[in-house]
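Engineer: I need the structure of the sequence given here:
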Amino acid sequence: MLRKSFLAALAATALAVGTLPAAAQETVKIGIITPLTGPFASTGKQHETAARLYMQQHGTTVAGKKIELIIRDDAGRAENTARIASELIQNDKVSFIAGFGLTPLAMATAPIATNAKVPMIVMMAGTSIITERSPYIVRTSFTLGQSAVIIADWAAKNKVKKVVTLVTDYAPGHDAEKSFVDQFKSKGGEIVESIRVPIQNPDYAPFLQRVLDAKPDALYVFVPSGQGSILMKQYVERGLDKSGIRLIGTGDITDDDILNGFGDAAIGVITAHMYSTAHPSAMNKEYVAAFKKLNPSLRPNFASVGAYDGMHLIYEALKKTNGKTDGDALIAAMKGLKWESPRGPISIDPETRDIVQTIYIRKVEKKDGELYNVEFESFPDVKDPVKAAKK
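Structural biologist: Here you go, the predicted structure:
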């Protein structure tokens, strides 16, 4: 009897041990690393709300696997992002890492994704080179070049002959500057001066005075999401809003999330971007309503759709792999995927793993007492022009 009891206990233990890995594999963990505190906290709040909204709408089970979302705050600091990514992969056993509110954060994490062979979904950072830093990176946000080239074309066609450029002095700003300058010059335009400002604690006032003194037809601007309000405040204080100098740029400067705080001085600002809260599709109207219901303190912006579509990409890839979490299989499943987003039709370029999407020309207008980026022209199927120029 003792022998039988021992063998039964041994068999039960073996069975239990044997089932542990299988049980563990029933949960697929997604780690989102995003700035929830610090100067770029608005991006993190947009990411978190959109990701949770997607799961609320589409369920927490995909291909028979339970989805678990882990959200960690990196405060917008690259050393935090890299550390958190390692912890999520090694300790939490995540199958995906996602988020990345700024380019330096994504760049710091790329080698970690490569070594671990874990798909890395860039939901925000917009420098072209990011996807080239790891074969495991896929982007669902945008590249700065996509918007910069489109706004340069628009300016050249709309009697803008001389421009001063003002961009934040880090990789996305350099991309935004080069793409605009090259395109604008190719259309016969003149760049009067190119100004770069620091990313941390920027004081735009002295730079804006230089713009006022140069008297261009337009000021072209790129600043990170969240810093547009500082720029606009000083733009008005320096009198540029009454100078006749047109303000144009990529959509970051009129971020939907903070646009209402700009005041009427922002009315008439022209930007190019891939999303507006005011995008007129039925899908977007439903998205905006659901987003605001989940988080009444926020208006969804372009960071939100980057996260929402990032979650869609993950879900669809898991469906294609039947729930398998092999990194190479998941990346292969993501390449070439196409779907309808709140921003419009999008796809993942199978060659570059970058997003292909419609870029819209928008004008800030007041509707029902609120400011919106109202789209009035669209350019479908725009790829990253920086990578296209390398071919």
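Engineer: all helices for this protein, in order.
Structural biologist: Here the chain has its helices, by DSSP state H, at 2-24, 41-58, 78-90, 103-116, 144-157, 171-186, 205-214, 228-237, 282-294, 302-320, 327-334, 385-390.
Engineer: I'd like these laid out as JSON lines, including mean pLDDT and mean neighbour count.
Structural biologist: The way it works is simple: take the backbone N, C-alpha and C, and place the C-beta from them, glycine included. Listed next are these as JSON lines, based on pLDDT from 0 to 100; neighbours: other CB atoms under 10 Å:
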{"stretch": "helix 2-24", "mean pLDDT": "39", "mean neighbour count": "9"}
{"stretch": "helix 41-58", "mean pLDDT": "97", "mean neighbour count": "21"}
{"stretch": "helix 78-90", "mean pLDDT": "98", "mean neighbour count": "19"}
{"stretch": "helix 103-116", "mean pLDDT": "97", "mean neighbour count": "21"}
{"stretch": "helix 144-157", "mean pLDDT": "97", "mean neighbour count": "24"}
{"stretch": "helix 171-186", "mean pLDDT": "95", "mean neighbour count": "22"}
{"stretch": "helix 205-214", "mean pLDDT": "95", "mean neighbour count": "16"}
{"stretch": "helix 228-237", "mean pLDDT": "88", "mean neighbour count": "20"}
{"stretch": "helix 282-294", "mean pLDDT": "98", "mean neighbour count": "15"}
{"stretch": "helix 302-320", "mean pLDDT": "98", "mean neighbour count": "25"}
{"stretch": "helix 327-334", "mean pLDDT": "98", "mean neighbour count": "18"}
{"stretch": "helix 385-390", "mean pLDDT": "88", "mean neighbour count": "16"}
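Engineer: can you say which of the ones you listed is nearest to Lys367?
Structural biologist: helix 282-294 (13.3 Å; CB to CB).
Engineer: who are the packing partners of that closest one?
Structural biologist: Other helices and strands packing on helix 282-294, by 3 or more CB pairs under 8 Å, 6 or more residues apart in numbering; DSSP states H and E, are helix 41-58, helix 302-320.
Engineer: quick one, the longest one and helix 144-157 angle?
Structural biologist: Right, helix 302-320. Following axes from the mean of the first three to the mean of the last three CA atoms, to 10 degrees, one obtains 130 degrees for the angle between helix 302-320 and helix 144-157.
Engineer: if we can go back for a sec, the helices of the chain: which one's closest to Asp257?
Structural biologist: Here helix 41-58 is closest among these (CB to CB), at 5.4 Å.
Engineer: could I get that closest one in CSV with only the CA atoms?
Structural biologist: Extracted as CSV, the C-alpha positions of helix 41-58 are listed here (Å, rounded to 0.1, in the frame of the first residue of the first chain):
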residue,chain,number,x,y,z
ALA,A,41,3.1,61.9,-19.6
SER,A,42,0.2,62.8,-21.9
THR,A,43,1.6,60.3,-24.4
GLY,A,44,1.6,57.5,-21.9
LYS,A,45,-2.0,58.3,-20.8
GLN,A,46,-3.1,58.1,-24.4
HIS,A,47,-1.3,54.8,-24.9
GLU,A,48,-2.8,53.2,-21.8
THR,A,49,-6.4,54.4,-22.5
ALA,A,50,-6.3,53.2,-26.1
ALA,A,51,-4.8,49.8,-25.3
ARG,A,52,-7.3,49.2,-22.6
LEU,A,53,-10.1,50.3,-24.9
TYR,A,54,-9.0,47.9,-27.6
MET,A,55,-9.1,45.0,-25.1
GLN,A,56,-12.5,46.1,-23.8
GLN,A,57,-13.9,46.1,-27.3
HIS,A,58,-12.2,43.0,-28.7
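Engineer: other SSEs contacting it?
Structural biologist: By 3+ CB pairs under 8 Å, 6+ apart, helix 41-58 packs against strand 27-34, strand 65-73, strand 96-99, helix 282-294, helix 302-320.
Engineer: using TSV, lay out those together with distance to Arg362.
Structural biologist: Formatted as TSV, the helices and strands packed on helix 41-58 follow (distance: least, CB to CB, whole Å):
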stretch	distance to Arg362
strand 27-34	25
strand 65-73	30
strand 96-99	26
helix 282-294	14
helix 302-320	11
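Engineer: do you know which of the ones you listed lies nearest Thr250?
Structural biologist: So among those, helix 302-320 is nearest, using CB to CB, at 10.0 Å.
Engineer: which residues are in contact with the nearest residue to Met120 once chain neighbours are set aside?
Structural biologist: In space, and not counting its chain neighbours, Met120 is closest to Ala113: 3.9 Å by CB to CB, 6 or more residues apart in numbering. Counting by CB atoms under 8 Å, 6 or more residues apart in numbering, Ala113 makes contact with Ala85, Ile97, Pro119, Met120, Ser134, Tyr136, Ile137.
Engineer: distance of Ala113 from Gly251?
Structural biologist: 27 Å (CB to CB, to the nearest Å).
Engineer: brilliant, that's me finished.
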